[in-house]
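Enquirer: Got a predicted model here, sequence first, then my questions.
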Amino acid sequence: MFKSTVGKTFTKLVVGTSVFYAGGVALALQNNAFNELFTDNVPFAEEAVDFVESLTTNTNKDYNIQNFKKKFGELEKTFEIPKSGLFSTKIDSVKEKEEALSDKVKQAVAKVKDTVSTTSFPSASYKLPLLELKSENQDVQNAITEFNAFITKINNGELNHAIDFGALSELFTKLDNEIKSLQDTSSKVFDEKVQKGIEGKANEVLADFNKRFDAKVKEIEDHHNAQLATEVSLNKQVSEKEFANRAKLIAIDAQKASTDAVAKVLEEEREGKYANFVQLNKSLEDLQTLVLQLDHHLDNADLKVQLQYELNKIRTKLDSEKNVQFSQELAELKKLAQEADNKVIVNAVDAIDPKAASEGLLTPSQLITRFNLLAPELRTAALLPPNAGVLGHLGAKFFAFFLLSKAGDVEGKDIESVIARVQNNLVTNRLDDAVEEVANLKGWSRTLADDWLVESRKRLEVEFLVKVIDLECKSLY
Amino acid sequence: MNWIMSAPVTATPSSSLLNDRWDVVISNTLVKTGLGFGAGVLASVVLFKRRSFPVWLGVGFGLGRGYAEGDAALRSPTAGVRTVKA
């Protein structure tokens, strides 16, 4: 495009500058650190970056017409046109303005000069006022007359500087001394007056105080004397009454002592004669108490005998080899307990299942037989796997044949040990232990033994309650 | 023995719970086997010129059905057994 060297150089310079600024702006927009470096060190870099940023963020706030107006001022001026319209006026040229301005300056200077020339001091219109003070002191009055003469001179402009200032100074000195002496005299007179006034007032106050003090002292003395007289009379009355009371008290004591002595004599006399009757009365009272106690014991003993009798009948029926009902004996027992008002026996009788009493209980031998009948079922059930089907049940029945039975008080958790312990407990009449063993079985074994457990528990309950009633009967006394 | 006479009759004593189930299983198996045997005999006479294999097949079906139902009855107290309300 450019063939000359200058043109090529210019072109390279422009292109290089553009590339430098474009690259700088682009990098500055991406990197904050470079942005700071670029805008601080390169001329116009900040403006360029701001311009590009405003373009990219689409916020041209810095480059709208308002900002230009702020920067460069109003480019055009607006005028309000009045309703009456516009009137053309003559526009003075610059030269005419300069001439008018110089004329105004000249006029102002002349006016100042006139003012300066016409000003004189002192003016006839300024006059000092005269002192109109009338003093009793002759010296002060003379000084005021002289001072007024000076003021008159000043007002009339007749003041001779050389002579009058000296006289004026002397006059001021004199006036000063007079004022000082006058001040001293007046203060001395004032102090004397004050001192005299204070002394007079103090004397007056002191006299008044003395008078009032004397009056008050007399009043208090009179009051005290009157009070003293009243108290003395009252004390006298009190002491008289006290003496009278004491005399009466002594008389009463003497009368009481004589009465006691008479009563004592009478009592001794009576005890001497009727002493055996009192002893007899006491013995009779003791005998009555003893008889009542004996009667109570006899009643209790009779009740106890009857209770034991009914209880023995129940025990006999429980221990018999037959299932017999014992509800009648139970009713008798309850009746006797209610007569004796024994709540323990009544509650124990009520706790016995009426059905068990009316139907009877299984005897120990029956329980043993039933358990022996149940034992093969328990063996088979103990071998059943969980959720057993046909094969499980058949297998259990088959393998149950091979179980080796145990006997006696053997240890172990297997079914043969449990069966052996239960049988041993039943034979040795320990039904509670046997029930505990069976109740601890699990699964099908426990389910199959449920009826046996119910019957055994019925018997255990009745046996326990009968034991309770028996203990209560024994502790009746 | 008076108390035994007056005692109410319980539905099933706990000791014979398993035996009752076995009763149901065996009777059900017998019935199903019988039914299979009958069906086999009928099929043998009517369809297969009195040959023996339909009879064995029917018996096998009956036994299998009885085993399956019996297995279910032993595993669950209510499975496979119909209850009849009296």
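Expert: Sure thing, it's come through. Residues are numbered from 1 along each chain as shown, chains lettered A, B, ... in the order given.
Enquirer: need the next SSE after the lengthiest helix in chain A, C-terminal direction.
Expert: Counting by DSSP state H, the longest helix found in chain A is helix A:161-319. For helix A:161-319, the following helix or strand on the C-terminal side (DSSP states H and E) is helix A:327-339.
Enquirer: With chain B in mind, check whether that next one reaches it.
Expert: No. Helix A:327-339 does not reach chain B (Cβ under 8 Å from any Cβ of the partner chain); its nearest approach is 11.3 Å. Backbone N, C-alpha and C define where each C-beta goes, glycine included.
Enquirer: Residue ranges in the chain under the pLDDT threshold?
Expert: In the absence of a named chain, chain A is used. Chain A contains residues with pLDDT under 70 at A:1-3, A:58-102, A:104-105, A:108-109, A:111-126, A:159, A:161-162, A:273, A:477.
Enquirer: Oops, wrong one, chain B.
Expert: B:1-10, B:79-84, B:86.
Enquirer: Need the residue closest to the centroid of it.
Expert: Geometric centre of chain B, nearest residue: B:Asn28, 0.7 Å, by Cα atoms, centre = their mean.
Enquirer: State the distance from A:Cys473 to chain B.
Expert: Using Cβ to the nearest Cβ, to the nearest Å, we find A:Cys473 at a distance of 28 Å from chain B.
Enquirer: Can you tell me which residues in chain A are near chain B?
Expert: Residues of chain A lying near chain B (Cβ under 8 Å from any Cβ): A:323, A:325, A:359-360, A:373-374, A:377, A:380-381, A:387-393, A:444, A:447-452.
Enquirer: how many other residues sit next to the residue in the stretch 51-200 of chain A positioned nearest to chain B?
Expert: Going by Cβ to the nearest Cβ, chain B is nearest to A:Thr57 of the stretch 51-200 of chain A, at 78.9 Å. Using other Cβ atoms under 10 Å in any protein chain shown, A:Thr57 has 9 other residues around it.
Enquirer: Just give the nearest non-adjacent residue to A:Lys322, would you?
Expert: A:Thr363 (7.2 Å; Cβ to Cβ, 6 or more residues apart in numbering or on different chains).
Enquirer: wait, doesn't that neighbour sit right on A:Thr369?
Expert: No. Contact criterion Cβ atoms under 8 Å: A:Thr363 and A:Thr369 do not qualify, at 9.4 Å.
Enquirer: In the stretch 1-150 of chain A, what residue comes closest to chain B?
Expert: For the stretch 1-150 of chain A, Cβ to the nearest Cβ, closest residue to chain B: A:Gln30, 78.0 Å.
Enquirer: Look up phi and psi at that residue.
Expert: The phi/psi pair for A:Gln30 (degrees, to the nearest 10) reads phi -90, psi -40.
Enquirer: Next: B:Ser52.
Expert: Backbone torsions of B:Ser52, given as degrees, to the nearest 10, read phi -90, psi -20.
Enquirer: Next, the angle from whichever strand or helix holds A:Arg370 to helix A:161-319.
Expert: Element membership for A:Arg370, per DSSP H and E: helix A:364-382. Following axes from the mean of the first three to the mean of the last three Cα atoms, to 10 degrees, one obtains 120 degrees for the angle between helix A:364-382 and helix A:161-319.
Enquirer: buried set for helix A:364-382?
Expert: By neighbour count on 16 or more other Cβ atoms under 10 Å in any protein chain shown, the buried set for helix A:364-382 is A:364, A:367-368, A:370-371, A:374-375, A:377-382.
Enquirer: Could you provide those residues in a markdown table, with additional columns for distance to A:Ala48?
Expert: As requested, the buried residues of helix A:364-382 are exported to a markdown table (distance: Cβ to Cβ, whole Å):
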| residue | distance to A:Ala48 |
| --- | --- |
| A:Pro364 | 118 |
| A:Leu367 | 114 |
| A:Ile368 | 116 |
| A:Arg370 | 113 |
| A:Phe371 | 111 |
| A:Leu374 | 109 |
| A:Ala375 | 110 |
| A:Glu377 | 106 |
| A:Leu378 | 104 |
| A:Arg379 | 106 |
| A:Thr380 | 104 |
| A:Ala381 | 101 |
| A:Ala382 | 100 |
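Enquirer: Return the distance of the closest residue to A:Glu437 other than its chain neighbours relative to A:Leu441.
Expert: Closest residue to A:Glu437 apart from its sequence neighbours, by Cβ to Cβ, 6+ apart: A:Val422 at 4.9 Å. For A:Val422, the distance to A:Leu441 equals 10 Å [Cβ to Cβ, to the nearest Å].
Enquirer: do the same with A:Leu374
Expert: For A:Leu374, the distance to A:Leu441 (Cβ to Cβ) stands at 11 Å.
Enquirer: what does A:Gln423 give?
Expert: Distance of A:Gln423 to A:Leu441, given as Cβ to Cβ: 14 Å.
Enquirer: Please apply the same query to A:Glu271.
Expert: A:Glu271 is 86 Å from A:Leu441, by Cβ to Cβ.
Enquirer: same thing with A:Phe464?
Expert: A:Phe464 is 23 Å from A:Leu441, by Cβ to Cβ.
Enquirer: go on, A:Ala351?
Expert: For A:Ala351, the distance to A:Leu441 - Cβ to Cβ - is 27 Å.
Enquirer: Can you check what angle separates the longest helix along chain B from helix A:364-382?
Expert: The longest helix of chain B (DSSP H) is helix B:17-46. Using the same axes, to 10 degrees, the direction of helix B:17-46 lies 50 degrees away from that of helix A:364-382.
Enquirer: about what we covered before: filter the residues of chain A next to chain B to the buried ones?
Expert: A:323, A:325, A:359-360, A:374, A:377, A:380-381, A:388-390, A:392-393, A:444, A:448-449, A:451-452.
Enquirer: Please see if the helix or strand hosting B:Ala68 touches chain A.
Expert: Of the helices and strands defined by DSSP H and E, B:Ala68 is found in helix B:53-75. Yes. Residues of helix B:53-75 contacting chain A under Cβ under 8 Å from any Cβ: B:67, B:70-72, B:74-75.
Enquirer: Relative to the whole chain's centre, how far out is that helix?
Expert: Mean-position distance between helix B:53-75 and its chain equals 9 Å (Cα atoms, centre = their mean, to the nearest Å).
Enquirer: Could you tell me which residues make contact with A:Ser456?
Expert: If you count contacts by Cβ atoms under 8 Å, 6 or more residues apart in numbering or on different chains, A:Ser456 has them with A:362, A:367, A:431, A:434-435, A:438.
Enquirer: List only buried entries from those residues.
Expert: Of the contacts of A:Ser456, these count as buried by 16+ other Cβ under 10 Å: A:362, A:367, A:431, A:434-435, A:438.
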